[in-house]
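*Asks:* Prediction below, plus the sequence it came from.
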Amino acid sequence: MSIDTTTIIAAALGMGAGLGMLLIVAGSRTPLASAPSRRTGLVRAARGRVGDRRVVLRLAIAVGVGVLAGVLTGWVVGAVLAAAAVWFLPRLVGPDHAHVRRVARIEAIASWTEMLRDVLSAAAGLEQAVLATAPLAPAAIRGEVATLAARLESGQRLAPALRALARELDDPTADLVLAALVLAAEHQARQLGDLLGSLATTARGQAAMRMRVETGRARTRTSVRVIAATTLAFAAGVVVFNRAYLDVYNSATGQVVLLTIGALFAAGFAWLARIATSGAQARVLTLDTADAAGTLGGSRDGRGR
């Protein structure tokens, strides 16, 4: 057995051992976040475990590919660039999950607003409407609305609880709806049902507009995928079929040059990702100005419509 084959086998075994250790750590990790209710806490804990495992798995795969690339090429910089490519490229060439989540959240806010409007039309108070709709809230915001209901059940006043919900949702469309609810809780606003209906219509229009924008960016994302795939295929082809062409990078100076080239490609890919990915919309309202934390055991607001 040659030395090169032994090195490759040792690297593969080390990579497998490292992956196993990372998965064990991910499986035994316990989220530290607390929740006002047991049900909400279980939901958040489950989401945290799934998110942690995905991150650890991605990290393990990136490290493994980096080690393998380093063994095959003998380049430290090559190992770093390979690991960075595995870590960042899925975000570049994959779907815009952040956009999908934002659109789903806006539509969920619109649906929940319509639920509140319908419950309020049955002569229920605002706080009772929130508690009644919490179990039926759309999945995209159900955890946050359940937390809001738990705060109200524990004795927190409605207006501070709504401000806390605005911070958790962190969405400009949610700010519009929650600002109306805060005003109704503090000043007993009239015709709140009609206002909520208008806000729900606005939210659905906002979601439709974002979908149209994403459709326009689909061509750009396709171009980004083609550029990234072509670049990676060319690099892999040179490494596999014409290794002697890359011997110039075996020296320390060559490694520095390779690092510079990799940094330039990374900057270009980051720029392309910024063009192809929709950014978060800036919030136009903030509800954290007064008594955002709230008090426990205080009097409750929002009894009227």
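*Replies:* Right, received. Where do you want to start? Residues are numbered from 1 along each chain as shown.
*Asks:* Mark out where each domain of this structure begins and ends.
*Replies:* Domain assignment for the chain by automatic domain parsing gives 1-93, 96-305.
*Asks:* and the spatially closest residue to residue 231 that is not a sequence neighbour, what element?
*Replies:* Nearest residue to residue 231, sequence neighbours excluded (Cβ to Cβ, 6 or more residues apart in numbering): residue 265, at 6.8 Å. (C-beta placed from N, C-alpha, C; glycine too.) Assigned by DSSP states H and E, residue 265 belongs to helix 252-276.
*Asks:* Kindly provide the distance from the residue nearest to residue 231 to residue 230.
*Replies:* 12 Å (Cβ to Cβ, to the nearest Å).
*Asks:* Look at these two and report which has more neighbours.
*Replies:* Just comparing residue 265 and residue 230: by other Cβ atoms under 10 Å the higher neighbour count belongs to residue 265, 16 against 10.
*Asks:* Okay, that one and residue 88: tell me how far apart.
*Replies:* When residue 265 is compared with residue 88 (using Cβ to Cβ), they lie 11 Å apart.
*Asks:* What is the strand or helix carrying residue 114 packed up against?
*Replies:* Using DSSP H and E, residue 114 falls within helix 97-120. Using 3 or more Cβ pairs under 8 Å, 6 or more residues apart in numbering; DSSP states H and E, the elements in contact with helix 97-120 are helix 126-133, helix 172-187, helix 192-241.
*Asks:* What is the neighbour count of residue 262?
*Replies:* 18.
*Asks:* In this model residue 77 seems to touch it, though I could be wrong.
*Replies:* Yes - with contacts counted by Cβ atoms under 8 Å, residue 262 reaches residue 77, the gap being 6.8 Å.
*Asks:* quick revisit: okay, the domains of the chain in TSV with mean pLDDT next?
*Replies:* Formatted as TSV, those follow (pLDDT from 0 to 100):
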stretch	mean pLDDT
domain 1-93	63
domain 96-305	80
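*Asks:* so what's residue 262 up against?
*Replies:* 77, 80-81, 84 (Cβ atoms under 8 Å, 6 or more residues apart in numbering).
*Asks:* Same list, those, but as a markdown table with secondary structure and neighbour count please.
*Replies:* As requested, those are exported to a markdown table (DSSP: H, G, I helix; E, B strand; the rest coil; neighbours: other Cβ atoms under 10 Å):
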| residue | secondary structure | neighbour count |
| --- | --- | --- |
| 77 | helix | 20 |
| 80 | helix | 16 |
| 81 | helix | 23 |
| 84 | helix | 16 |
